[in-house]
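Student: give me the fold of what follows.
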Amino acid sequence: MPLASSHPPAEQPAETKGERLSLRLSGILARLHQGEALDKHQLVQQFDVDVRTIERDLYQRLEGIAERNADGLWQLAKASRATVPASHLHSYARRTGTEHVFPDTSLRYLLEQLETPEPRRATHVQPTPQENLGAHGPLFAQLQAAIAQHHECRFTYKAKPREAQPYRLIHKNGVWYLAAEEAGRLKNFSVALIEGLQVDEASRFTPKRTHQDYINAKDDVWFTEGTTEVLLRVAPEVAHYFTRRALLPRQQQREDGDGALLVTTHINHINQLLPVVRYWLPHVRIVAPKAWHAALVEGLRHALAQWED
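Tutor: Got it, this is the predicted structure:
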């Protein structure tokens, strides 16, 4: 029988003085950048240190960054203030779809994340792959101007000449699309595939409210007049992936008794759905419409036949 060790269990290393200093300064900076005016005595209570420590932080360590105002409170020095207000970070997060990346959506928390050095940060967000439109910067700017000024555009797309009225630039799944009317129909065009763009600055069209409302209501870039209601059965093994966030447009789900899900979605085109179903095979099955299930099966058979050749 092994003898019990006479050594006491190893203790977790205490936070070092340098680590406490780093956390304290990042917390103060976060509040300063949020536009707060800070009372040094409140900081003493917040960080559980004496007033002389806080004074050294403000007078020495944050010299040139923090300054006292006429009321004796500490605020961000004028020379250190960004030209963009910190509150605009929230607006930017909403526009880029990152507002709910963190459970805490407060501006203070966001600024603390930005101010905390990477080695000390407890969180890490894996970046979503994005297409690189660096070479299309001038074209992108032309499209923005054409949309703002309601100018018609001519360009080549997939080897075909196009004439279109641009409505919106839309970012979806890492790709930029142009929503535009062509020959009376609202369509999407991948910005990266647009060539030879010419903006007719002499023209000016009146945007259709129906198009604007339709684009604003859409959560994808498939533009068709009608949609097809689709019913899927999702096996219990992968059901939680569909409940934790919507994977399909206008997704609704209900339990099917054995832990499986019945998922309802509205699809503009079958090719909008099939890549999702193929990804989750064999755990997802198209229940209705049956013709779409048959198309899926036929496509898989055709692919298998090609692979076997």
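Student: where is the longest strand in the chain?
Tutor: strand 160-172 (DSSP state E).
Student: listing partners with orientation, what would you give for it?
Tutor: Applying DSSP bridges, strand 160-172 is found paired with strand 152-157 (antiparallel), strand 175-182 (antiparallel).
Student: buried residues of it, list them for me.
Tutor: Neighbour counts over strand 160-172 (16 or more other CB atoms under 10 Å) mark 162, 164-168, 170 as buried. Just so you know, the C-beta spots here come from the backbone N, C-alpha and C atoms, and that holds for glycine as well.
Student: then stretch 116-136?
Tutor: In terms of neighbour count (16+ other CB under 10 Å), stretch 116-136 has its buried residues at 116, 136.
Student: list the contacts of it.
Tutor: 19, 22-23, 26, 101-102, 113, 140, 174-176, 191-192, 194 (CB atoms under 8 Å, 6 or more residues apart in numbering).
Student: span of stretch 229-241 from start to end?
Tutor: 21 Å (CA to CA, to the nearest Å).
Student: so for it, what's the average pLDDT?
Tutor: The predicted model assigns stretch 229-241 a mean pLDDT of 96.
Student: now it, how far from the chain's geometric center?
Tutor: 24 Å (CA atoms, centre = their mean, to the nearest Å).
Student: what does stretch 241-253 give?
Tutor: 17 Å.
Student: can you tell me which two in the buried residues of strand 160-172 are farthest apart?
Tutor: 162 and 170 (17.3 Å; CB to CB).
Student: just the buried residues out of the contacts of stretch 116-136, in ChimeraX syntax.
Tutor: Selection of buried members from the contacts of stretch 116-136 for ChimeraX, criterion 16+ other CB under 10 Å:
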select :22,26,113,140,176,191,192,194
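Student: out of the contacts of stretch 116-136, list just those in helices.
Tutor: 19, 22-23, 26, 113, 140 (DSSP state H).
Student: tell me the spacing between the residue nearest to residue 182 when sequence neighbours are not counted and residue 37.
Tutor: Distances taken as CB to CB, 6 or more residues apart in numbering place residue 164 nearest to residue 182, at 4.5 Å, with adjacent residues excluded. Distance, residue 164 to residue 37, using CB to CB, to the nearest Å: 52 Å.
Student: what does residue 228 give?
Tutor: 57 Å.
Student: quick one, which of those two is more surrounded?
Tutor: Counting neighbours by other CB atoms under 10 Å for residue 228 and for residue 37 shows that residue 228 has the greater number, 17 against 14.
Student: measure that one to residue 236 for me?
Tutor: 26 Å.
Student: residue ranges for the strands of this structure, please.
Tutor: Using DSSP E, strands in the chain cover 66-68, 74-76, 152-157, 160-172, 175-182, 185-190, 194-200, 228-234, 252-255, 261-267, 284-288.
Student: dump these to a markdown table, plus distance to residue 130.
Tutor: What follows is the strands of the chain, written out as a markdown table (distance: least, CB to CB, whole Å):
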| stretch | distance to residue 130 |
| --- | --- |
| strand 66-68 | 36 |
| strand 74-76 | 32 |
| strand 152-157 | 21 |
| strand 160-172 | 9 |
| strand 175-182 | 8 |
| strand 185-190 | 14 |
| strand 194-200 | 18 |
| strand 228-234 | 29 |
| strand 252-255 | 29 |
| strand 261-267 | 25 |
| strand 284-288 | 27 |
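Student: and the ones you listed: which comes nearest residue 144?
Tutor: Closest among these, once you apply CB to CB, is strand 160-172, at 6.6 Å.
Student: how far off centre is that closest one?
Tutor: With CA atoms, centre = their mean, you get 22 Å for strand 160-172.
Student: what's the angle between that strand and strand 185-190?
Tutor: Relative orientation of strand 160-172 and strand 185-190, computed by axes from the mean of the first three to the mean of the last three CA atoms, to 10 degrees: 70 degrees.
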